[in-house]
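The sequence and its predicted three-dimensional model are supplied below.
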Number of protein chains: 2
Amino acid sequence: MPQSLNKNAVLLLSGGLDSTTVLAIAQDAGYSVHALSFRYGQRHSFELECATRIAKAARVAQHVILDLDLSQFGGSALTSDIAVPKDRNAQEMQGSIPVTYVPARNTVFLSCALGWAETLGTGDIFIGVNALDYSGYPDCRPEYIAAFETLANLATKGGVEGTAPVRIHTPLIHMSKAEIIAKGTQLQVDYGLTISCYDPDVTGAACGHCDACQLRLKGFHEAGLVDPMRYQEGS
Amino acid sequence: MPQSLNKNAVLLLSGGLDSTTVLAIAQDAGYSVHALSFRYGQRHSFELECATRIAKAARVAQHVILDLDLSQFGGSALTSDIAVPKDRNAQEMQGSIPVTYVPARNTVFLSCALGWAETLGTGDIFIGVNALDYSGYPDCRPEYIAAFETLANLATKGGVEGTAPVRIHTPLIHMSKAEIIAKGTQLQVDYGLTISCYDPDVTGAACGHCDACQLRLKGFHEAGLVDPMRYQEGS
């Protein structure tokens, strides 16, 4: 029986492939998962619908969707009118920070998760960041996560007093997309419930050409599995 | 002429005495101030009304009020139904973290400020934290601020690429309340526009007995000035 049975943890749940895999990993380790999603001015609400279905299917302890309209600041393709780049190769993805980067998004999300964790009396926070197939975001790197953990232990009552030391769990950080998919499949994750696309059509079907779709398709291909996500016809 | 003339900065503006003083300091240093306030589930909205009037009076470049309902997490007197403590002495205030502590509040607020700063192309962020008269909050200490600055420079495009290194300005951090009030008065801050009380009455008049009122009254007394904030009769 896992040592951490029934210990509370907060999980950032986007409705995508990575965070859904982390949910399965956290539950498999015995954590009682409190899932946190954000309505932050993203282009489409499909990922929140997915997050809700995923949370329900996994029977999480609680699922909160926080409203936080980052689009008031502008500055990103995911929350404004800049076009989502399509059909970029691996070199283009890695070479620079893409316009789909949302300023300080993971910092904002982790901070809110930290607040919730503190009220739950826990320091355990799970996030599905990935340093390999990370599409060039600075706030997905191990040194960033380590700095957040240091900050969090200075920021909170539980961290300062030692009653709930903060630990940012990033089980996917050194895994390839194919390894993530293999791990999730082993834990019986239903990837048909997830969405990764930055630019789905009005029915929620994925475009198949944005960075997120390309990384996902490549991952399923390398894992020798078929992606159950619904793609646009002819994509 | 100040070197930083017309340089953008983001300022966290609560509508209280400290952040209003920092606003005057930032403008005096030549910054074009973008003020950020939060509707985060606080007990009363008077401080947002004050923040709006203060931002207008100071002619800031922009004032954004972000909705972020931290009360969904519970856990603090400022956002839930736990009673605000009254008439505590200095030892009681310093001895432990009070129930008015909002979990991870400054971390959440600084993270949002960081997001806005990044879209503005600046790394300059001002916050009115104070390590002397700080009422026992862990996220007001210099080591916390230093850790946030380290994190922020790993989190953002401007920090990573060096185009907009993040600097968290805390001009009040080592000042007493009396020194803050003296500095603000010198910069012609109208403290009659501010509110500090955790528990005002329905008209917005301050209680005079919560930690914030007591620290404020002591500060004005020590500065040899009269507090123009409106207090409840007989308080």
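That came through fine. Numbering: from 1, shown residues only, chains lettered A, B, ... in the order given.

Can you classify A:Asn8 as helix, strand or coil?
strand (DSSP: H, G, I helix; E, B strand; the rest coil).

Compute the number of surrounding residues for it.
The local packing of A:Asn8 (other CB atoms under 10 Å in any protein chain shown) involves 19 other residues. Placement of C-beta: from N, CA and C, glycine included.

Distance-wise, check the nearest residue to it once chain neighbours are set aside relative to A:Thr150.
Of all residues not flanking A:Asn8 in the chain, A:Thr122 sits nearest, at 4.3 Å (CB to CB, 6 or more residues apart in numbering or on different chains). Distance, A:Thr122 to A:Thr150, by CB to CB, to the nearest Å: 18 Å.

same question, A:Gly162
From A:Gly162 to A:Thr150 the distance is 15 Å (CB to CB).

the more surrounded of those two?
Comparing A:Gly162 with A:Thr150 by other CB under 10 Å, the one with more neighbours is A:Thr150, at 19 against 9.

Now do the helices in chain A.
Ranges of helices within chain A are A:17-28, A:46-57, A:90-95, A:105-120, A:142-155, A:157-161, A:177-186, A:211-223, based on DSSP state H.

Dump those helices to TSV, plus distance to chain B.
Compiled in TSV, those are given as follows (distance: least, CB to the nearest CB, whole Å):
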stretch	distance to chain B
helix A:17-28	19
helix A:46-57	15
helix A:90-95	13
helix A:105-120	3
helix A:142-155	4
helix A:157-161	5
helix A:177-186	23
helix A:211-223	16
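
And those helices, which one averages the lowest pLDDT?
Lowest mean pLDDT within the helices of chain A: helix A:90-95, at a mean of 65.

any idea which residue of chain A is furthest from its center?
Of all residues in chain A, A:Glu161 has its C-alpha farthest from the mean position, at 29.4 Å, by CA atoms, centre = their mean.

From B:Leu187, how far off is it?
The spacing between A:Glu161 and B:Leu187, counted by CB to CB, is 38 Å.

for A:Leu12, same thing?
Distance, A:Leu12 to B:Leu187, using CB to CB: 41 Å.

Tell me which of those two has more neighbours.
Neighbours per residue (other CB under 10 Å) separate A:Leu12 from B:Leu187, with A:Leu12 holding more: 23 against 13.

What confidence value was assigned to the more buried one?
98.

May I ask you to name the longest strand in chain A?
What stands out as the longest strand in chain A, according to DSSP state E, is strand A:31-39.

Measure how that strand sits relative to helix A:105-120, angle-wise.
130 degrees (axes from the mean of the first three to the mean of the last three CA atoms, to 10 degrees).

quick one: strand A:31-39 to chain centroid distance?
How far strand A:31-39 lies from its chain's middle: 11 Å, per CA atoms, centre = their mean, to the nearest Å.

What pairs with it, parallel or antiparallel?
Strand A:31-39 has its sheet partners listed here by DSSP bridges as strand A:7-12 (parallel), strand A:62-67 (parallel).

can you pull the buried residues of that strand?
Across strand A:31-39, burial judged by 16 or more other CB atoms under 10 Å in any protein chain shown covers A:Tyr31, A:Ser32, A:Val33, A:His34, A:Ala35, A:Leu36, A:Ser37, A:Phe38.

cool, and stretch A:16-33?
Within stretch A:16-33, the residues that qualify as buried are A:16-27, A:29, A:31-33, counting by 16+ other CB under 10 Å.

what's the burial count for A:Leu154?
19.

ditto for the one 5 residues further on
Applying the criterion other CB under 10 Å, we find 23 residues in the vicinity of A:Gly159.

Quick check: it touching A:Leu151?
No - with contact defined as CB atoms under 8 Å, A:Gly159 does not reach A:Leu151; the gap is 9.2 Å.

got CSV for the buried residues of strand A:31-39, with pLDDT too?
Below are those laid out as CSV (pLDDT from 0 to 100):
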residue, pLDDT
A:Tyr31, 97
A:Ser32, 97
A:Val33, 98
A:His34, 97
A:Ala35, 98
A:Leu36, 97
A:Ser37, 96
A:Phe38, 93
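
Surely the residue nearest to A:Asn8 and A:Asn6 touch.
No - counting by CB under 8 Å, A:Thr122 stays clear of A:Asn6, with 11.0 Å between them.

Excluding covalently adjacent residues, which one is nearest to A:Ile195?
A:Cys50 (4.8 Å).

wouldn't that neighbour be in contact with A:Gly192 here?
No - using CB under 8 Å, A:Cys50 is not in contact with A:Gly192, being 9.8 Å away.

Who has more neighbours out of the two?
A:Cys50 (23 against 12).

residues contacting the more buried one?
A:Gly15, A:Gly16, A:Leu193, A:Thr194, A:Ile195 (CB atoms under 8 Å, 6 or more residues apart in numbering or on different chains).

got it, and A:Ala212?
Counted by CB under 8 Å, 6+ apart, A:Ala212 has contacts A:Gly16, A:Ser135, A:Ser196, A:Cys197, A:Tyr198.

min pLDDT across these, which one?
A:Ser135 (59).

A:Val33 bridge partners, please.
A:Ala9.

which residue packs closest to A:Thr107, ignoring adjacent ones?
Using CB to CB, 6+ apart and skipping residues adjacent in sequence, the residue nearest A:Thr107 is B:Ser111, 4.3 Å away.

what do you get for A:Asn130?
Closest residue to A:Asn130 apart from its sequence neighbours, by CB to CB, 6+ apart: A:Leu172 at 4.9 Å.

Quick check: that neighbour touching A:Asp18?
Yes - applying CB under 8 Å, one finds A:Leu172 in contact with A:Asp18, separated by 5.7 Å.

intersection of neighbour lists for the two?
With CB under 8 Å, 6+ apart as the test, A:Leu172 and A:Asp18 both reach A:Gly128, A:Val129, A:Asn130, A:Ile180.

and those, which two are the farthest apart?
A:Val129 and A:Ile180 (11.4 Å; CB to CB).

ok, these two, which is more surrounded?
Legend: neighbour count by other CB under 10 Å for A:Val129 and A:Ile180, higher for A:Ile180 (26 against 23).

just checking, that one touches A:Leu17?
Yes - counting by CB under 8 Å, A:Ile180 touches A:Leu17, with 7.0 Å between them.

Overlap in contacts, the two.
Common contacts of A:Ile180 and A:Leu17 (CB under 8 Å, 6+ apart): A:Gly219.

hmm, back to that, list the contacts of the longest strand of chain A.
Residues outside strand A:31-39 that contact it (CB under 8 Å, 6+ apart): A:4, A:6-15, A:23, A:26-27, A:45, A:48, A:51-52, A:55, A:58, A:60-69, A:109, A:112-113, A:116, A:120, A:124, A:126.
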